[in-house]
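**Student:** Just a sequence and a predicted model for now, questions to come.
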Amino acid sequence: LSRLGRNYIMTGQYTELYFPSHNVRYIAIDDGVDSEKGESEIAPFKNIINEWVARDTSRKVKSAFKTKFAEGAYYGAYAPLGYKKHPDIKGKLLVDEETKWIVEKIFSLAYQGYGSAKITKILREEKVPTSSWLNFTRYGTFAHIFEGKPESKRYEWTIAQIKGILKSEVYIGNSVHNRQSTVSFKSKKKVRKPESEWFRVENTHEPIIEKEVFYRVQEQIKSRRRQTKEKATPIFAGLVKCADCGWSMRFATNKANKTPYSYYACSFYGQFGKGYCSMHYIRYDVLYQAVLERLQYWAKAVQQDEEKVLHKIQKVGNAERIREKKKKASALKKAENRQNEIDCLFAKMYEDRACEKITERNFIMLSGKYQKEQIELEQQITDLREELSKMEQDMIGAEKWIELIKEYSVPKELTAPLLNAMIEKILIHEATTNEENERIQEIEIYYRFIGKVD
């Protein structure tokens, strides 16, 4: 019986209904079951025991894996690209000097502002080998993919592969497990688990990518990006935000005029209308010139008196960072308190339903409402914790920022690599007019490592 199935309901359906109705004789010698001799009274109980054994085995296996996960060990079939398995220590990763350059190249391109699609195209054009091809040359695996196939197959990178590498914490020395699991031991369907349930162990092996670069790339991935019809990604992609709602600004080009021009507008306003936000319109050339002038100002100031600039940045930047940190910590505490309140409400609701103090209809309606809020809070708490963790790691780096300024000298033009290296975000306020009917618009620039200092 245990070979027929471990799901007692489905097993019973076959032995009690399907087989008899289709004239199928079923024999289980070890269990003494023969459908031709009539129904076995003990068979249903054995089916239940078989399911219990399967359930218990599944629980023990999961428990064993969780113990391994908590230790930060790596048990994948192949080491991630850029690493190799330690020959003597099971579960330990070592940097692979022969392939780590590929990972460094991918992160370098992403740091410069290139998206996954563009990086994929570059790697294909430059004939950078994929991890599958490297495994084939080393271990002979994936032969069905590469044997007898054209050489181009070796360089067929996909967008999904690039995204997977860019999001993997393995490259900053962390081991992250338990990100997904099966619905139950009866189903092979995988479901993604909330980040709060992941097993994250830091510093389990040597990193390939600096944390500063990794977290900057994560910010760029989160930012909404789009390409123009000319397939050119605007150099400010992922940096320009609405000062009021916090949404990314949408890049567009007005071709109705004789001289077409590009501009940014609040994407929240564009999606939902005036009742939610205002346009926050700003021309691309105006934004470009404003940012270029600020970077040129700081570059010249550093050339003239580096010590004076350093003192000013440290004084202003520290105060701004402390304010921002307090604000996020307060928001996190509020979200966690609300999460606890909802947990208590659920417990009370179940109690009221059991005592029939509320109807089933109201119970379903309320539980649906609170479950939705729970999911939103869980994501909010995860995001806030990540942001606070990043702020802890990003100590005030005035010296580092000044070194960057000196590296780029006085810029004559703006590029995506320059902007992504120097700037964290740009907030665009709604424009106003003064007494002379002149248009005035505030642009806030938050620099990398130091925040807002203008």
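**Tutor:** Alright, I've got the coordinates. Quick caveat: nothing in here was measured; it's all calculated off a predicted structure.

**Student:** Could I have the CA atoms of stretch 437-453 written out in PDB?
**Tutor:** Extracted in PDB, the C-alpha atoms of stretch 437-453 (Å, rounded to 0.1, in the frame of the first residue of the first chain):
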ATOM      1  CA  ASN A 437       5.800  85.600 -12.200                       C
ATOM      2  CA  GLU A 438       9.100  83.700 -12.500                       C
ATOM      3  CA  ARG A 439       9.100  79.900 -12.200                       C
ATOM      4  CA  ILE A 440      10.900  78.600  -9.200                       C
ATOM      5  CA  GLN A 441      11.600  75.000  -8.500                       C
ATOM      6  CA  GLU A 442      13.500  73.300  -5.700                       C
ATOM      7  CA  ILE A 443      15.800  70.400  -6.500                       C
ATOM      8  CA  GLU A 444      17.300  68.500  -3.600                       C
ATOM      9  CA  ILE A 445      20.400  66.400  -4.200                       C
ATOM     10  CA  TYR A 446      21.300  63.600  -1.800                       C
ATOM     11  CA  TYR A 447      24.900  62.600  -2.400                       C
ATOM     12  CA  ARG A 448      26.400  59.100  -1.800                       C
ATOM     13  CA  PHE A 449      27.900  58.500   1.600                       C
ATOM     14  CA  ILE A 450      27.000  62.000   2.900                       C
ATOM     15  CA  GLY A 451      23.400  62.700   2.100                       C
ATOM     16  CA  LYS A 452      22.100  66.300   1.600                       C
ATOM     17  CA  VAL A 453      24.700  69.000   2.200                       C
END
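
**Student:** Make 533 the first number, not 1, from now on.
**Tutor:** Okay, residue one is now 533; in that scheme the one you just asked about reads as stretch 969-985.

**Student:** how distant is that stretch from the center of its chain?
**Tutor:** Its chain's C-alpha centre and that of stretch 969-985 lie 28 Å apart, by CA atoms, centre = their mean, to the nearest Å.

**Student:** I'd like the mean pLDDT over that stretch, please.
**Tutor:** Averaging pLDDT along stretch 969-985 yields 88.

**Student:** what's the answer for stretch 667-681, then?
**Tutor:** So the average pLDDT for stretch 667-681 ends up being 82.

**Student:** Contacts for it next, please.
**Tutor:** Applying CB atoms under 8 Å, 6 or more residues apart in numbering, the external contacts of stretch 667-681 come out as Y610, S664, W665, K685, R686. Any C-beta I mention is one placed from the backbone N, CA and C, and that applies to glycine too.

**Student:** Span of that stretch from start to end?
**Tutor:** 16 Å (CA to CA, to the nearest Å).

**Student:** buried sites along that stretch?
**Tutor:** Across stretch 667-681, burial judged by 16 or more other CB atoms under 10 Å covers N667, F668, F674, F678.

**Student:** any idea how far the third one is from V708?
**Tutor:** Separation of F674 from V708 (CB to CB, to the nearest Å) stands at 25 Å.

**Student:** got it, and the first one?
**Tutor:** Computed with CB to CB, the distance linking N667 and V708 is 22 Å.

**Student:** domain assignment for the protein?
**Tutor:** Taking automatic domain parsing as the reference, the chain has its domains at 540-602, 615-753, 757-844+933-979.

**Student:** Please report the distance of the nearest residue to A963 once chain neighbours are set aside from S799.
**Tutor:** Closest residue in space to A963, ignoring its immediate chain neighbours: Q973 at 4.0 Å, by CB to CB, 6 or more residues apart in numbering. Taking CB to CB as the measure, Q973 falls 18 Å from S799.

**Student:** Same check on R917?
**Tutor:** R917 sits 26 Å away from S799, going by CB to CB.

**Student:** More neighbours: the two, which one.
**Tutor:** S799 (20 against 16; other CB atoms under 10 Å).

**Student:** Just to check, the more buried one is in contact with M781?
**Tutor:** Yes. Look at S799 against M781 with CB atoms under 8 Å: they come within range, at 6.6 Å.

**Student:** the helices in the stretch 733-882 of the chain, which residues?
**Tutor:** Counting by DSSP state H, counting those that start in this stretch, the stretch 733-882 of the chain has helices at residues 743-754, 799-804, 816-836, 838-886.

**Student:** Would you mind giving those helices as JSON lines with distance to I704 and mean pLDDT added?
**Tutor:** Compiled in JSON lines, these are given as follows (distance: least, CB to CB, whole Å; pLDDT from 0 to 100):
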{"stretch": "helix 743-754", "distance to I704": "5", "mean pLDDT": "85"}
{"stretch": "helix 799-804", "distance to I704": "30", "mean pLDDT": "87"}
{"stretch": "helix 816-836", "distance to I704": "29", "mean pLDDT": "93"}
{"stretch": "helix 838-886", "distance to I704": "22", "mean pLDDT": "80"}
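
**Student:** can I get the ones you listed in a markdown table with distance to Y940?
**Tutor:** Listed next are these as a markdown table, based on distance: least, CB to CB, whole Å:
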| stretch | distance to Y940 |
| --- | --- |
| helix 743-754 | 16 |
| helix 799-804 | 30 |
| helix 816-836 | 7 |
| helix 838-886 | 15 |
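
**Student:** Count the residues that sit near M781.
**Tutor:** 29.

**Student:** I misspoke; the intended subject was I955.
**Tutor:** For I955, the count of nearby residues is 19 (other CB under 10 Å).

**Student:** which ones are touching it?
**Tutor:** Contacts of I955 by CB under 8 Å, 6+ apart are L771, V823, I977, Y978, Y979, R980.

**Student:** which one is the last one nearest to, not counting chain neighbours?
**Tutor:** Computed as CB to CB, 6+ apart, the closest residue to R980 that is not its neighbour in sequence is E956, at 5.2 Å.

**Student:** Against K616, how distant is the residue nearest to the spatial centre of the chain?
**Tutor:** For the chain, K699 is the residue whose C-alpha lies nearest the centre (CA atoms, centre = their mean; 6.0 Å). Distance of K699 to K616, computed by CB to CB: 21 Å.

**Student:** Could you do G696 as well?
**Tutor:** Taken as CB to CB, the span from G696 to K616 is 18 Å.

**Student:** show me the contacts for R748.
**Tutor:** So R748 contacts Y643, N952, R980 (CB under 8 Å, 6+ apart).

**Student:** please redo it, this time with the cut-off set to 7 Å
**Tutor:** Y643 (CB atoms under 7 Å, 6 or more residues apart in numbering).

**Student:** What distance do you get for it to L951?
**Tutor:** Taking CB to CB, one finds R748 at 12 Å from L951.

**Student:** And S728, by the same measure?
**Tutor:** Distance, S728 to L951, by CB to CB: 34 Å.

**Student:** Show residues contacting stretch 698-715.
**Tutor:** 601, 604, 606, 612, 614, 635, 638-639, 642, 720-725, 729-741, 743, 746, 749, 753.

**Student:** That stretch: how far from the chain's middle?
**Tutor:** With CA atoms, centre = their mean, you get 10 Å for stretch 698-715.

**Student:** Kindly report the same for stretch 680-688.
**Tutor:** Its chain's C-alpha centre and that of stretch 680-688 lie 30 Å apart, by CA atoms, centre = their mean.

**Student:** can you check stretch 688-695 too?
**Tutor:** Remark: stretch 688-695 is offset 16 Å from the chain centroid, using CA atoms, centre = their mean.
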